[in-house]
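[1] model the structure of this input:
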Amino acid sequence: MKPLIKLEFIKLIQQPVVWLITICSFLLLIVTKIFYYVSTTTSTTANAWEAIATFPYMEGTLVQAAILLAALPAVFSGEYESKMDALLLSSSHGKKQVIFAKILATILFTTSVVLLSWLLGSIIHWLFTTHADPYASIASLTNHEQTPYHFSLWQYSFVQLVTNWIGAIAFSMFILYVSVHTRHYIISYFIGGLLLTLTFFIRNFSVFSVEWVLKYMTLIDVMRVQNMFSRERFVMIGNYTLSLPISIFYSYVIVAICMFSFGCYYHFKHRQVTS
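    Residues are numbered from 1 along each chain as shown. From the prediction side, this is the model:
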């Protein structure tokens, strides 16, 4: 299994478009943040913990999603376009191990992207801002005044990293699920990009509607983290107010990861019968 995972991981990182998007995304992140801090007085008033706390909410998720969208649509649709799907499914490992290797390589790739983006973002913020007390409450952060949680700043940063990572894996599994159902890279890319765009442009609110579902049930908002912790979450359904504890969001994302993963496995394996 390990050689297959390594092979699938190498296939992901060897794509020229992945290198192009990764380099451009990281360079854009570095240049824009440094220019922002150097050309304004923000670096003398903001603290590193504040900057790190806002990282996944905006540029962090955008950088991660851009790289994932560049790499992952080819995981399955690339096999279709190259006519390799029939060969894989007829091999001794194609029924199970190759599919598992693709899923595990995707998780490994996603983890690498998340860790690299956080490392780069944290270094930039730490170098160009002041250093506040890491044991201060997250209620001291902007947009967190109504938070019901009592994390310290350093604890919140760790919680954000883990939550961002889980959300990124869910988003990655969604892209794989779309990829396994379509023969075209560009379609998978478009659907994943549409999901990302909708989440960013729909405002925050708590009335149940189609917009609410698109905002909070499409996984991207978990990657962005902040909306989960900035205040107590609830949704109004008619005259009823339903409280949404944080465990619901985590449970939903984990279930989504399992369902998308199983969907990828079942559909690709089933193609042996229908192809």
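[2] quick one: low-confidence residue ranges for the stretch 101-250 of the chain.
    Within the stretch 101-250 of the chain, the segments meeting pLDDT under 70 span 129-132, 204-205.
[3] next up, the contacts around the nearest residue to residue 33 once chain neighbours are set aside.
    Nearest non-adjacent residue to residue 33, counting by Cβ to Cβ, 6 or more residues apart in numbering: residue 124, 4.9 Å away. For the C-beta atoms, the positions are set from N, CA and C on the backbone; glycine is no exception. Counting by Cβ atoms under 8 Å, 6 or more residues apart in numbering, residue 124 makes contact with 29-30, 33-34.
[4] which of those lies closest to residue 61?
    Distances from residue 61 to these, taken as Cβ to Cβ, are shortest for residue 29 (11.7 Å).
[5] tell me how far that closest one lies from residue 63.
    Here the criterion is Cβ to Cβ, to the nearest Å. By it, residue 29 lies 6 Å from residue 63.
[6] who's more crowded, those two?
    Legend: neighbour count by other Cβ atoms under 10 Å for residue 29 and residue 63, higher for residue 63 (25 against 19).
[7] what's the helix or strand that residue 33 is a member of packed up against?
    With elements taken from DSSP states H and E, the one containing residue 33 is helix 16-39. Packing partners of helix 16-39 (3 or more Cβ pairs under 8 Å, 6 or more residues apart in numbering; DSSP states H and E): helix 61-71, helix 97-128.
[8] buried ones in the longest one?
    Residues of helix 97-128 classed as buried: 98-107, 109-110, 113-114, 117-118, 120-122, 124-125, 128 (neighbour count, 16 or more other Cβ atoms under 10 Å).
[9] return the distance of that helix from the chain's centre.
    Relative to its chain's centre, helix 97-128 lies at 10 Å (Cα atoms, centre = their mean, to the nearest Å).
[10] same check on the first one?
    With Cα atoms, centre = their mean as the basis, helix 61-71 stands 8 Å off its chain's centre.
[11] all further residue positions should be reported with the first residue as 825.
    Noted, 825 is the first residue going forward, which turns the last one into helix 885-895.
[12] so for it, mean pLDDT?
    When pLDDT is averaged along helix 885-895, the result is 91.
[13] ok, now stretch 848-858?
    The pLDDT scores in stretch 848-858 average 82.
[14] kindly report the same for stretch 900-907.
    Average pLDDT, stretch 900-907: 67.
[15] ok so, going back, Throw the helices and strands packed on helix 840-863 into JSON lines and include distance to residue 1050, thanks.
    What follows is the helices and strands packed on helix 840-863, written out as JSON lines (distance: least, Cβ to Cβ, whole Å):
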{"stretch": "helix 885-895", "distance to residue 1050": "10"}
{"stretch": "helix 921-952", "distance to residue 1050": "14"}
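[16] how about these, which one is nearest residue 1012?
    Short answer: helix 885-895, nearest of the helices and strands packed on helix 840-863 by Cβ to Cβ, at 8.5 Å.
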